[in-house]
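Trainee: Kindly generate the corresponding structure for this input.
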Amino acid sequence: MTEQNRNLEESGNGGAANNPLHGRKVLSFVRRSARLDARLQRALDNYADEYILSDIALSEGSLDPCEGFVFSRDYVQGQWGNDNPLTVEIGSGQGENVVAAAAEHPERNFLALEVYDPGVAHTVLLAGKRGLRNLRVAQINAPELFAVMEPGVLDEVWTFFPDPWPKMRHHKRRIVQPELARDVHASLGVDGVWRIATDIEDYALHVHEVMDARRDFENLGTLTVSLPVEHVGKGNAESAAALPHADFMESERFDGRVLTNFEKKGLAAGRVIHDFAYRAV
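Mentor: Sure, this is the predicted structure:
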């Protein structure tokens with residue numbers, strides 16, 4: 001039962017008019033704003049025109065694409081000036097990973113998708129300092145953008161350490177969902193890969209549930225990992241060890257992912273990193 005339906009049921013005869021989620025789509029993030037410090041504001045002032053794709057969003061402040069917009073090969077050619085393989089990172093955070101990858105692979109194109117202003121500003125700051133020419137940034141809701149992508153326009157998709165939404169009632173907000181998997185598959189070319197990483201055991205189970213039974217993706221994992229077969233949430237995660245477990249296949253650590261401060265904190269806290277690579281078939 002969705003939270004929307006649960007609210008309707010609990011409200012009795014209140015109906016949709018009293019339902020706070022009526023007409024609202026489920027987002028994988030919380031809309032929030034943060035004041036940029038002088039350094040980040042200066043980065044936007046200096047580099048926004050060079051790196052930020054400002055023609056995708058419906059309007060200023062909107063995270064949805066313009067009506068009729070298509071992320072096509074022609075669009076990529078126009079923005080990057082070439083037809084090199086394109087990797088999209090969903091939720092690029094502070095940009096550490098995507099900027100390092102773009103610097104390491106000038107023969108490839110990269111697009112960072114990030115919804116938060118400080119992350120966008122920090123990414124263009126890092127890119128500008130390195131003088132990168134193969135990276136662009138879009139402040140857009142990823143599922144909405146993938147829904148309007150031309151088939152086969154991408155080479156790889158990366159989703160590293162997405163928001164775990166630990167509460168059970170919030171699991172529906174996790175970015176890895178069947179609908180996004182469908183659209184990611186459509187966007188990938190032949191043998192394109194979706195790489196995912198998480199340091200949350202329950203999210204790893206969630207990824208397996210969404211991805212492993214799909215016929216349009218092949219799990220490239222070579223490592224056997226034991227995971228609980230039931231979900232836990234915030235407040236009862238400690239019960240996971242006592243649950244029934246099963247073996248799942250996961251991947252070696254992707255050597256194209258830099259060790260960010262976020263990942264270092266997870267490792268320091270004793271969390272296990274789960275890596276996934278799914279090839280489009």
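Trainee: Quick check: phi and psi at residue 113.
Mentor: The phi/psi pair for residue 113 (degrees, to the nearest 10) reads phi -100, psi 120.
Trainee: can you give me the helices for the stretch 151-281 of the chain?
Mentor: With helices called from DSSP state H, counting those that start in this stretch, the stretch 151-281 of the chain shows them at 178-187, 201-211, 261-268.
Trainee: Make JSON lines out of these and add distance to residue 223, mean neighbour count and mean pLDDT.
Mentor: Glycine gets a C-beta too; all of them are placed from N, C-alpha and C. Compiled in JSON lines, these are given as follows (distance: least, CB to CB, whole Å; neighbours: other CB atoms under 10 Å; pLDDT from 0 to 100):
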{"stretch": "helix 178-187", "distance to residue 223": "21", "mean neighbour count": "18", "mean pLDDT": "98"}
{"stretch": "helix 201-211", "distance to residue 223": "12", "mean neighbour count": "21", "mean pLDDT": "97"}
{"stretch": "helix 261-268", "distance to residue 223": "17", "mean neighbour count": "13", "mean pLDDT": "90"}
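Trainee: do you know which of these lies nearest residue 89?
Mentor: Across the helices of the stretch 151-281 of the chain, residue 89 has its closest neighbour in helix 178-187 (12.4 Å, CB to CB).
Trainee: what angle sits between that closest one and helix 201-211?
Mentor: Relative orientation of helix 178-187 and helix 201-211, computed by axes from the mean of the first three to the mean of the last three CA atoms, to 10 degrees: 60 degrees.
Trainee: Please name every helix or strand in contact with helix 178-187.
Mentor: Counting contacts by 3 or more CB pairs under 8 Å, 6 or more residues apart in numbering; DSSP states H and E, helix 178-187 is packed against helix 142-146, strand 154-160, strand 188-198, helix 201-211.
Trainee: For the helices of the stretch 151-281 of the chain, please prepare JSON lines with the additional fields distance to residue 170.
Mentor: Below are these laid out as JSON lines (distance: least, CB to CB, whole Å):
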{"stretch": "helix 178-187", "distance to residue 170": "16"}
{"stretch": "helix 201-211", "distance to residue 170": "12"}
{"stretch": "helix 261-268", "distance to residue 170": "20"}
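Trainee: do you know which of those helices lies nearest residue 226?
Mentor: Closest of the helices of the stretch 151-281 of the chain to residue 226 is helix 201-211, at 10.1 Å (criterion: CB to CB).
Trainee: how about the closest one as CSV, C-alpha atoms only?
Mentor: Presented in CSV, the C-alpha positions along helix 201-211 are these (Å, rounded to 0.1, in the frame of the first residue of the first chain):
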residue,chain,number,x,y,z
GLU,A,201,23.1,-3.3,3.6
ASP,A,202,19.3,-2.8,3.3
TYR,A,203,19.8,-0.7,0.2
ALA,A,204,21.9,-3.4,-1.3
LEU,A,205,19.0,-5.8,-0.8
HIS,A,206,16.7,-3.2,-2.4
VAL,A,207,19.0,-3.0,-5.5
HIS,A,208,19.0,-6.8,-5.9
GLU,A,209,15.2,-6.8,-5.7
VAL,A,210,14.8,-4.2,-8.3
MET,A,211,17.5,-5.3,-10.7
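Trainee: Give me the below-cutoff pLDDT ranges for the stretch 51-200 of the chain.
Mentor: Applying pLDDT under 70 to the stretch 51-200 of the chain flags no residue at all.
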